[in-house]
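**Student:** Build me a structure from this.
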Amino acid sequence: MHSIVLIKQVPQTSDVQMDKETGTMIRSGSAAILNPLDVYALETALRIKDRSGGRVTVITMGPASAVKVLKESIAMGCDDVYHLNDRAFAGSDTWATSYVLAKAIEKVGLPDLVITGERATDGDTAQVGPAVASWLDLPVLSYVASIEQISNDSLIAERLIEEGYQRVSSPLPALLTVVKEIAEPRLPTLKGKKRAMATEIITWSASDLDTDPTFLGLKGSPTRVVKIETPKVSRQCSMVKVEDDASLHEAVEKLFTFLEERNLLGGRNA
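**Tutor:** Next up is the predicted model:
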């Protein structure tokens, strides 16, 4: 069973900045980490490997610093890693990004499963995984919370939906996007860390992937961020600090008044 996991290096959530001219993210100077939701995709692939054998391949697209997240993947137990790095990829939207990732998967060879996290914490679109499936003409199961059964040619999984869970089956190969519920990620091992330090990362450029240059980067991206605004909290509130019986009584009175003004109480006789 061969699984390919797509991961991404993202800025720390508290350190995200945008270029207002191009509508793209400013990554230089920001602390970068492995997308937290991709760790669950890695764990899913590793558990399938533990149970059924095979191998786990990891692919990421990003600048030179993205090698760090590939090293983390090796330390967790992944077998092969590929880094997609070319200035031509800079500024890619979800459509252009998914195109490059799909081309890399074709070069590696179509696996039994392609697995991604639910979404990336920087763009927060949840579009890249399904878009990759579209490029490769694969069935896609999104928001997968558990894999009940898996064989060489099919699987049965549970999807997390608004009403609860949906049990679905799919032929293989297929693409899955997984949610946190699917597994508790393992920690890297000392043996894995040593292997990661010794592993030479394979890097592919646009020419290595035989890509169409009109589909790449900012110029090849059909979508743009046209406006960026910082959300403002418009709610008015008051705070009572409880230090003694008098301030406690004041806090309770204010709470009851607040609820009564909004007809949220049936009365104060209790």
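
**Student:** Apart from its chain neighbours, what residue comes closest to Leu248?
**Tutor:** The shortest distance from Leu248 to any non-neighbouring residue, by CB to CB, 6 or more residues apart in numbering, is to Val242 (4.9 Å). Quick note: C-beta positions are derived from backbone N, CA and C, even for glycine.

**Student:** Helix, strand, or coil at that neighbour?
**Tutor:** Of the three states, Val242 takes coil under DSSP: H, G, I helix; E, B strand; the rest coil.

**Student:** same deal with Ser170?
**Tutor:** strand.

**Student:** So it is in contact with Arg159, correct?
**Tutor:** No. Applying CB atoms under 8 Å, one finds Ser170 not in contact with Arg159, separated by 10.5 Å.

**Student:** so what's in contact with the two at the same time?
**Tutor:** Residues touching both Ser170 and Arg159 by CB atoms under 8 Å, 6 or more residues apart in numbering: Leu141.

**Student:** ok, which stretches of the stretch 1-150 of the chain are strands?
**Tutor:** Assigned by DSSP state E, counting those that start in this stretch, the stretch 1-150 of the chain shows strands spanning 2-7, 9-11, 17-18, 25-26, 32-34, 55-61, 80-84, 113-117, 140-150.

**Student:** For the first one, give me every contacting residue.
**Tutor:** Yep, that's strand 2-7 we're talking about. 34-35, 38, 41-42, 44-45, 48-49, 54-60, 69-70, 73, 78, 101, 105, 108-109, 111-117, 128-129, 132.

**Student:** partner strands of it, parallel or antiparallel?
**Tutor:** Using DSSP bridges, the strands paired with strand 2-7 are strand 55-61 (parallel), strand 113-117 (parallel).

**Student:** next one: the longest one
**Tutor:** Using DSSP bridges, the strands paired with strand 140-150 in its sheet are strand 154-161 (antiparallel), strand 174-178 (parallel).

**Student:** Just grab the bridge partners of the residue nearest to Ile105 when sequence neighbours are not counted for me.
**Tutor:** Excluding the flanking residues, the one nearest Ile105 by CB to CB, 6+ apart is Ile4, at 5.8 Å. Bridge pairing for Ile4 (DSSP bridges) gives the partners Thr57, Val114.

**Student:** Can you get me a residue count around Ile4?
**Tutor:** By other CB atoms under 10 Å, the residues close to Ile4 number 27.

**Student:** Go ahead and confirm Ala157 touches Leu176.
**Tutor:** Yes. Look at Ala157 against Leu176 with CB under 8 Å: they come within range, at 7.1 Å.

**Student:** Between those two, point out the one with more neighbours.
**Tutor:** Each of Ala157 and Leu176 has its neighbours counted (other CB under 10 Å); Leu176 has more, 27 against 23.

**Student:** looking at this structure, which helix or strand is least sure?
**Tutor:** Lowest by mean pLDDT, DSSP states H and E among the helices and strands of the chain is strand 25-26, with a mean of 58.

**Student:** show me what contacts Val67?
**Tutor:** Val67 makes contacts with 83, 201, as judged by CB under 8 Å, 6+ apart.

**Student:** swap in Tyr143?
**Tutor:** For Tyr143, the contacting residues are 118, 159-161, 177-179, by CB under 8 Å, 6+ apart.

**Student:** can I get those residues in TSV with distance to Ile202, neighbour count and pLDDT?
**Tutor:** As requested, those are arranged in TSV below (distance: CB to CB, whole Å; neighbours: other CB atoms under 10 Å; pLDDT from 0 to 100):
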residue	distance to Ile202	neighbour count	pLDDT
Glu118	27	21	93
Arg159	33	19	96
Leu160	34	18	95
Ile161	38	11	93
Thr177	25	26	97
Val178	25	31	97
Val179	30	18	96
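
**Student:** residues contacting Ala32?
**Tutor:** Neighbours of Ala32 in contact, by CB under 8 Å, 6+ apart: 9-12, 65-66, 68.

**Student:** Can you add pLDDT, distance to Val225 and neighbour count and give those residues back as TSV?
**Tutor:** Shown next, in TSV, are those (pLDDT from 0 to 100; distance: CB to CB, whole Å; neighbours: other CB atoms under 10 Å):
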residue	pLDDT	distance to Val225	neighbour count
Gln9	93	20	23
Val10	90	16	25
Pro11	85	15	18
Gln12	73	20	12
Ser65	92	22	13
Ala66	93	22	22
Lys68	94	26	16
